[in-house]
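Participant: give me a 3D structure for the following:
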Amino acid sequence: MLSRRRCPFCRRWFDPHPRLKQRQKTCGQRDCRCRQKRKSNEQWRRENPVYGTRFDYRRRYRQQHPDYVQRNAAFVRKWRQRLRSAPVSSTSRDLRVTIESEKTSLRIAHVSSTSRDIFVTLDTS
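Facilitator: Residues are numbered from 1 along each chain as shown. A predicted model of the protein is given here:
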């Protein structure tokens, strides 16, 4: 059995998972795992300074491949247009009505199938 360890971030004692053996560095809480990952990434970047970042790679790729930029822009436009024209589900979270007063009742008159608009008719009787 592995001996108990102290988490380097929150300082709590924990029992390492048997399958991870000596590789488990933290207690496993989300915050501690995130801090360990950040520390590991910083160390890797210090050891590999010439590797570059994804941002640089993408920027250079787009500069060298203008036809890709045009194709991607057309694809995104078409995707957004198709998303806008998709019918709205009757169970969509977008279809939410709040009644503020007991004297006023709201009735949904029409739901457009091609947009996210809701037309509301007020009955004040």
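Participant: name the element residue 37 belongs to?
Facilitator: Taking DSSP states H and E as the definition, one finds residue 37 inside helix 30-47.
Participant: I should have written residue 10 there, sorry.
Facilitator: Per DSSP H and E, there is no helix or strand for residue 10.
Participant: and it, its phi and psi?
Facilitator: Dihedral pair for residue 10: phi -100, psi -10, per degrees, to the nearest 10.
Participant: surely it touches residue 30?
Facilitator: No. The pair residue 10 and residue 30 does not pass the contact test of C-beta atoms under 8 Å, sitting 10.9 Å apart. No exception for glycine: its C-beta is placed from N, CA and C like everyone else's.
Participant: quick one, which of the two is more surrounded?
Facilitator: residue 10 (13 against 8; other C-beta atoms under 10 Å).
Participant: so what's that one up against?
Facilitator: 27, 29, 31-32 (C-beta atoms under 8 Å, 6 or more residues apart in numbering).
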